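Trainee: Take a look and give me a structure for this.
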Amino acid sequence: MNYLGLTMGALALVAMPVMAQETRPVTDHAGYTVEIPADPQRIVSLHDWTATVMTYELEGNLIGSSGRLDDAGNYFVRSGRELYDLGFDEIELASVHGELDMERIASLQPDLIIGNVGDTIEFREQLAAIAPTVMFDPMNGRTPLENYRELADWVDRTERFEELNTEYEARVAEVRTELFGDGPVPSYAAIMPNTESGEVRVFRNYGAQSTVLEDLGFSHAAIMDQVPETEQDASFSAEVIAQIDSDYVFLTHISDQGQTLETMMADFDQIAPGYRELLPAARNNRFISMSRFHVYPTTFAAMNYVLDDLLKTLK
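Mentor: The predicted structure follows:
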């Protein structure tokens, strides 16, 4: 994979389509002001389970995405596969995750590149030499839907976003009534065990999962407010688990790695022995784990997945 320079020929391939378009300035999540096409026609996303699935769901003009390699040697779109059956028979493979291929990206002749702050910020200048490049950051502490709405603006699909959001809000109201009626809505904590460090990872927000819980009216555990406002999550020593007195605890797991609710709870046994007797949610069998690649992306498909899961689990 080529991380370095581009040939003059590759740059020439992409220069004309961009120059011919009407542009407008936007400020991305890394603070850069970028002149982007007013209506991008050839979008390449370099982060599959955020920008790719969002752009695809909004019916943006997505032509390529980064992908990942499974154990069988097949490339796939993380969360795109799970939520939409999206694969590289429908869009082009732009790069393998973690191995940017500048020549391949340039050959796709994008007019807009969407990078991810955590993965591609160090290559921003090289990407910007190919096409206008904006950086998306799902872990900037803002609410997931705020970030999604901003991406919708970048890809010129704000109207589609608002249509989907209106449908989602109506369904949230229906599910809230079905689950709780006029009664109180429970509290929750979004956490994850880290057996390597012996710590508890606490989330201020967690994509579609926490978005749905908050929109349904769940109140969040006080420990979640200790995560810095500019961060999505923070790690705490295992002793913090004694502070989690919420009605429910929500986790996520990766089924392909053999994880289940019980394996996640067993990890907590390792770092916080005795928590099953200590925590109200554990004593009352109110630990709930959902499929990570279905519920982390902030898309409306993912949020509907969470709503379906809650209807099955809580009724």
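
Trainee: Got the phi and psi for Val212?
Mentor: In terms of degrees, to the nearest 10, the main-chain angles of Val212 are phi -60, psi -40.

Trainee: Is it correct that it is in contact with Leu307?
Mentor: Yes: Val212 lies in contact with Leu307 (Cβ atoms under 8 Å); the separation is 5.9 Å. For glycine as for every other residue, the C-beta is placed from the backbone atoms N, C-alpha and C.

Trainee: ok, the closest residue to Leu112 other than its chain neighbours - contacts?
Mentor: Distance criterion Cβ to Cβ, 6 or more residues apart in numbering; nearest residue to Leu112, sequence neighbours excluded, is Pro40 at 3.9 Å. Pro40 sits next to Gly60, Asn61, Asp111, Leu112, Trp154, Val155, Asp156 when contact means Cβ atoms under 8 Å, 6 or more residues apart in numbering.

Trainee: how near is Asn165 to Val44?
Mentor: Per Cβ to Cβ, to the nearest Å, Asn165 is found 25 Å from Val44.

Trainee: more crowded one of the two?
Mentor: Val44 (32 against 16; other Cβ atoms under 10 Å).

Trainee: That one is in what secondary structure piece?
Mentor: Assigned by DSSP states H and E, Val44 belongs to strand 43-45.

Trainee: Show me what that strand is packed against.
Mentor: Counting contacts by 3 or more Cβ pairs under 8 Å, 6 or more residues apart in numbering; DSSP states H and E, strand 43-45 packs against strand 62-69, strand 112-116.

Trainee: So Asn36 sits against Ala128, correct?
Mentor: Asn isn't right for residue 36; it's Ile. No: when contacts are counted by Cβ under 8 Å, Ile36 is not listed as touching Ala128 (10.9 Å).

Trainee: more neighbours, the two?
Mentor: Set side by side, Ile36 and Ala128 show more neighbours around Ile36, with 25 against 15, by other Cβ under 10 Å.

Trainee: which residues does that one contact?
Mentor: By Cβ under 8 Å, 6+ apart, the contact list for Ile36 reads Thr23, Arg24, Pro25, Val26, Leu112, Pro132, Val134, Trp154.

Trainee: Return the members of the residues you listed classed as buried.
Mentor: Among those, those classed as buried by neighbour count (16 or more other Cβ atoms under 10 Å) are Leu112, Pro132, Val134, Trp154.

Trainee: quick one, strands of the stretch 51-200 of the chain?
Mentor: Under the criterion DSSP state E, counting those that start in this stretch, the stretch 51-200 of the chain contains strands at 62-69, 75-76, 92-96, 112-116, 133-136, 187-194, 199-203.

Trainee: now, of these, which is deepest in the fold?
Mentor: Comparing the strands of the stretch 51-200 of the chain by mean neighbour count (mean count of other Cβ atoms under 10 Å), strand 112-116 comes out on top with a mean of 28.

Trainee: what does that strand rub up against?
Mentor: With Cβ under 8 Å, 6+ apart as the contact definition, strand 112-116 has outside contacts at 36-37, 40, 42-47, 50-51, 55, 105, 121, 123-124, 127-128, 130-138, 151, 154-155.

Trainee: mind checking how far that strand is from the chain centre?
Mentor: Centroid separation for strand 112-116 versus its chain: 15 Å, with Cα atoms, centre = their mean, to the nearest Å.

Trainee: Okay, now the sheet partners of that strand, with direction.
Mentor: Applying DSSP bridges, strand 112-116 is found paired with strand 43-45 (parallel), strand 133-136 (parallel).

Trainee: Helix, strand, or coil at Arg24?
Mentor: Under DSSP: H, G, I helix; E, B strand; the rest coil, the three-state class of Arg24 is strand.

Trainee: Any idea what it is bridged to?
Mentor: Ile36.

Trainee: Using TSV, lay out the strands paired with strand 112-116 together with distance to Ile91 and mean pLDDT.
Mentor: As requested, the strands paired with strand 112-116 are exported to TSV (distance: least, Cβ to Cβ, whole Å; pLDDT from 0 to 100):
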stretch	distance to Ile91	mean pLDDT
strand 43-45	9	98
strand 133-136	17	98
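
Trainee: returning to that earlier point: Serialize the helices and strands packed on strand 43-45 to TSV and add fields for distance to Glu277.
Mentor: What follows is the helices and strands packed on strand 43-45, written out as TSV (distance: least, Cβ to Cβ, whole Å):
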stretch	distance to Glu277
strand 62-69	40
strand 112-116	41
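
Trainee: could you dump those to CSV with mean pLDDT?
Mentor: Converted to CSV, these look like this (pLDDT from 0 to 100):
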stretch, mean pLDDT
strand 62-69, 97
strand 112-116, 97
